[in-house]
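Chemist: Structure of the sequence below:
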Amino acid sequence: MARFIRVDMSSRQVKSENVADKYLILGGRALTSQLVADEVPATCDPLGPFNKLVIAPGLLSGTSAPSSGRLSVGGKSPLTGGIKESNAGGITSQKLANLGIKAVILEGKPADKGWFLLKITPDGEELLPADDLVGKGTYEVTAICRERFGDKVGVITIGPAGEMLMHAAGVTNNDGDGNSSRYAGRGGLGAVMGSKGLKAIVVDSPKTFEAPVKDPERFKAAAKKFSQILLDNPTCGKGLPAYGTNVLMNIINEAGTLPTRNFKFGRFDKAAEVGGEKLAEVAKARGGKATHACHPGCVMRCSNVYPMPDGKVCAPVEYETAWAFGPNLEIGELDVIAKLNYICNDVGLDTIETGCTLGVLMEAGVIPFGDGQAAISALEEVAKGTPLGRIIGSGSANAGKVYGVTRVPAVKGQGIPAYDPRACKGNGVTYATTPMGADHTAGYAVTANILKVGGYVNPLEPAGQVELSRNLQVATAALDSTGLCLFVAFAVLDNPEGLPTIVEMINAQYGTSLTVDDVTALGQNVLKTERQFNQQAGFTSADDRLPEFFYNEELPPHNTKFDVKDEELDRVFNFQ
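Modeler: Presented below is the predicted three-dimensional model:
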């Protein structure tokens, strides 16, 4: 029987409750956003007692569906002030699903000091004191929990940044090797968890792929078919398994849309030194792994294991992180990037937001562009809670206000990721309009703009970008609800059997008779729910815009500006 685990941190009571019918065929983002919309006042303080943190596996998580172990974390974002779903890999989603848990809902706020750990096992749930874990980084906390509770447990935790309620703090969980690096990083949800006085959640389940399935044979056939669809796709079956997500570095650089020097240029002359091919070469030479699965059952294996010169291991260095600490800061050394990545993972900060913030500090002259050691020294201030550390942990928009910088790449307070919207205009539309704040995963128009997957829309022209972004935002909202990795979209967009096969897996698991149109409607409803929340929170069409400099400054080498008109941006959600 599917159930919610509701944790009231005010009374420190944990309850298991049946799932209402309206939530039964929701999972992942659809479930987190609906619960937040239903239970959280849109105008509440994100760090106050009325916000809630919702953690939910996807619809297909915990089954043998390939690459289906994604976890959604939702709440009202301290960074954007709007609704937020942040998505992570790792082993916890599958464990929760195998325990029959549709969602963990954290609510209330303790009246006194003290930190707790939530332990979830097949025998039940309980809150345990966790003051001894306070101040520790996520790697150490995860290691301690695995030693205490078993090396197969999933550990969801926050670092010191979350404890100190920094607005760029994320929520992490571990992969199968124990690396505490699979982040629901965006939007500051780690600060929400910290505001509840919860340091960690330990999930102990002996099962991984045994979530209930109504028609096992039908499901098995559909899952096998979908696995083959992924393996037959050039990106999912060859590119990502060979070089991981950082295979994009040289591709995006060649396309002239690689944000360099705080979005000043579209190409970086040292891109090849920090790209996927170079990373794979160095990782393997040091005994690491060029590719690695972030959760069991992933056939794409787009993660990696990068050993650093100091003996520590950063797993993984993803494309967006390599960009954020590399070209964005004009740093061309993988070891420096990995060190910055590791510090963020340990202290509990979103790497994209932190990279954007360091770019703003460099723009302000606080740190020189290209100075990797200065960037490392600045980032080490976060764990100490110094004024500079707190500025860095508060995100790019806040740093811009502190230092009087106007060239801040952020929408709705959230830093823009690794594709310049002036030379990848479909992504620009997504950044401007998604309810999530600037987020490449919300509608990944790089597919058609740059990679020519699912068709082609000229990335340098405004024509067709609104339709492209709209369709991808709808599809992504639905995909984020299934627990499937975003990257299955490459195969789904290229193979007409992809989406029907996903629908077949859902129907076989739940005994439903959904159609492809129903899944499209699901995605539309998720976006409607999220936009309504944001509107109630005070958002208007003025918030669906890029920063001014993208409209006014040309981006070399194509010398383009963002020129999708405001009235076009206001048409993105015209299905409502």
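Chemist: which stretches of this protein have low pLDDT?
Modeler: 576 (pLDDT under 70).
Chemist: Mind doing that once more with 80?
Modeler: Within the chain, the stretches with pLDDT under 80 are 1, 575-576.
Chemist: biggest helix in the chain by residues?
Modeler: Ranked by residue count, the top helix of the chain under DSSP state H comes out as helix 516-536.
Chemist: Now for residue 257, how many residues are close by?
Modeler: By the criterion of other C-beta atoms under 10 Å, residue 257 has 29 neighbours. Heads up, the C-betas are built off the backbone N, CA and C, glycines and all.
Chemist: my read: it touches residue 426, true?
Modeler: No. Applying C-beta atoms under 8 Å as the test, residue 257 and residue 426 come out as separate, 10.8 Å apart.
Chemist: which residues are common contacts for those two?
Modeler: Residues touching both residue 257 and residue 426 (C-beta atoms under 8 Å, 6 or more residues apart in numbering): residue 459.
Chemist: Tell me what the spatially most central residue of the chain is bridged to.
Modeler: The C-alpha lying nearest the average C-alpha coordinate of the chain belongs to residue 87 (C-alpha atoms, centre = their mean; 4.0 Å). Listed by DSSP bridges, the beta-bridge partners for residue 87 are residue 72.
Chemist: how much space between it and residue 272?
Modeler: Noted for residue 87: a distance of 29 Å to residue 272, by C-beta to C-beta, to the nearest Å.
Chemist: Same check on residue 435?
Modeler: According to C-beta to C-beta, residue 435 stands 36 Å off from residue 272.
Chemist: chain center to the longest helix of the chain: distance?
Modeler: Centroid separation for helix 516-536 versus its chain: 19 Å, with C-alpha atoms, centre = their mean, to the nearest Å.
Chemist: What residues of the helix or strand just after that helix count as buried?
Modeler: For helix 516-536, the following helix or strand on the C-terminal side (DSSP states H and E) is helix 548-552. Within helix 548-552, the residues that qualify as buried are 549, 550, counting by 16 or more other C-beta atoms under 10 Å.
Chemist: Tell me which other helices or strands the helix or strand just after helix 548-552 touches.
Modeler: Tracing the chain C-terminally past helix 548-552 and defining elements by DSSP H and E, one meets helix 566-569 next. Here helix 566-569 touches helix 425-433, helix 465-482, going by 3 or more C-beta pairs under 8 Å, 6 or more residues apart in numbering; DSSP states H and E.
Chemist: Can you show me the strands along the stretch 101-250 of the chain?
Modeler: Along the stretch 101-250 of the chain, the stretches classed as strands by DSSP state E, counting those that start in this stretch are 101-107, 116-121, 124-129, 154-157, 171-174, 180-184, 198-203.
Chemist: Pretty sure residue 16 sits against residue 5.
Modeler: Yes. Residue 16 lies in contact with residue 5 (C-beta under 8 Å); the separation is 5.9 Å.
Chemist: Give me the three-state assignment for residue 290.
Modeler: Three-state assignment for residue 290 (DSSP: H, G, I helix; E, B strand; the rest coil): strand.
Chemist: For the residue nearest to it when sequence neighbours are not counted, give its distance to residue 300.
Modeler: Once flanking residues are discounted, residue 290 sits nearest to residue 280: 3.5 Å by C-beta to C-beta, 6 or more residues apart in numbering. Per C-beta to C-beta, residue 280 is found 15 Å from residue 300.
Chemist: Tell me which of these two has more neighbours.
Modeler: Taking other C-beta under 10 Å, residue 280 and residue 300 do not tie; residue 300 has more neighbours (27 against 21).
Chemist: Could you find the closest non-adjacent residue to that one?
Modeler: Closest to residue 300 by C-beta to C-beta, 6+ apart is residue 240, at 4.7 Å.
Chemist: wait, what's in contact with that neighbour?
Modeler: Applying C-beta under 8 Å, 6+ apart, we find residue 240 in contact with 247, 291, 300, 301, 302, 487.
Chemist: again, only using 7 Å
Modeler: By C-beta atoms under 7 Å, 6 or more residues apart in numbering, the contact list for residue 240 reads 247, 300, 302, 487.
Chemist: Please state the backbone phi and psi of residue 114?
Modeler: Torsion angles at residue 114 (phi, psi; degrees, to the nearest 10) stand at phi 130, psi 140.
Chemist: Appreciated, that's everything.
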